[in-house]
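Asker: no FASTA, just this:
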């Protein structure tokens, strides 16, 4: 099942909406997760209609930052398992396919609070009863080679993220 995750960084520019329309027309995803939408539910409903998706779950931004949304189409049944400022967790049944779990993650943007993302992943992993697609912007890297430019990433953050991946068998 085709899915898409994108750190949208706000719906303001018309070119972003057109680009997303083009990508969804070409790739035909059944599920889209957007992070940093910085948009109200009303704006997300308008985007959902433009993309011709039937379903939407959205978490409103806090002030002028954040906001996440999960959109889907062609689903027979969608169940919300949990959601927060940093994730939307659903199960989805599409005709002729088995039930899948989709979890969109928007990792904690504040570096000193990234441990919260790892704790969230560990908590979500306890409830793994379906094939699971975990996608989004984790706001983290798994090695220094993943980073280009700027100062080196703190090794304790990389080690913590890798420990979480190993502990949860993701």
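Answerer: The structure has been received and is ready for your questions. For clarity, every value in this text was computed on a predicted model and none was experimentally measured. Numbering: from 1, shown residues only.
Asker: can you pull the buried residues of stretch 119-126?
Answerer: Under the neighbour-count criterion of 16 or more other Cβ atoms under 10 Å, stretch 119-126 has 120, 121, 124, 125 buried. Where C-beta positions appear, they are placed from N, C-alpha and C, glycine not excepted.
Asker: any idea which helix or strand carries the second one?
Answerer: Right, the one you point to is residue 121. Element membership for residue 121, per DSSP states H and E: helix 115-125.
Asker: now that helix, how far from the centre of its chain.
Answerer: Relative to its parent chain, helix 115-125 has a centroid offset of 14 Å by Cα atoms, centre = their mean, to the nearest Å.
Asker: now swap in stretch 90-108 and tell me
Answerer: 11 Å.
Asker: Any buried residues in it, and which?
Answerer: 90-92, 94, 100-108.
Asker: can you give me the end-to-end distance of that stretch?
Answerer: Terminal residues of stretch 90-108 are spaced 20 Å apart (Cα to Cα, to the nearest Å).
Asker: got a pLDDT number for residue 139?
Answerer: pLDDT recorded at residue 139 is 79.
Asker: Could I get the contacting residues of it?
Answerer: By Cβ atoms under 8 Å, 6 or more residues apart in numbering, the contact set of residue 139 is 106, 107, 108, 109, 114, 117.
Asker: now residue 48
Answerer: Going by Cβ under 8 Å, 6+ apart, residue 48 touches 54, 55, 56, 71.
Asker: Double-check residue 127 against residue 121; I have them as touching.
Answerer: No. Residue 127 is not in contact with residue 121 according to Cβ atoms under 8 Å; the separation is 11.7 Å.
Asker: Let's have the buried residues of stretch 90-108 in a markdown table, adding distance to residue 78 and pLDDT.
Answerer: What follows is the buried residues of stretch 90-108, written out as a markdown table (distance: Cβ to Cβ, whole Å; pLDDT from 0 to 100):
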| residue | distance to residue 78 | pLDDT |
| --- | --- | --- |
| 90 | 6 | 96 |
| 91 | 7 | 95 |
| 92 | 5 | 93 |
| 94 | 10 | 86 |
| 100 | 10 | 92 |
| 101 | 11 | 94 |
| 102 | 9 | 95 |
| 103 | 13 | 96 |
| 104 | 13 | 96 |
| 105 | 18 | 95 |
| 106 | 19 | 94 |
| 107 | 24 | 90 |
| 108 | 26 | 87 |
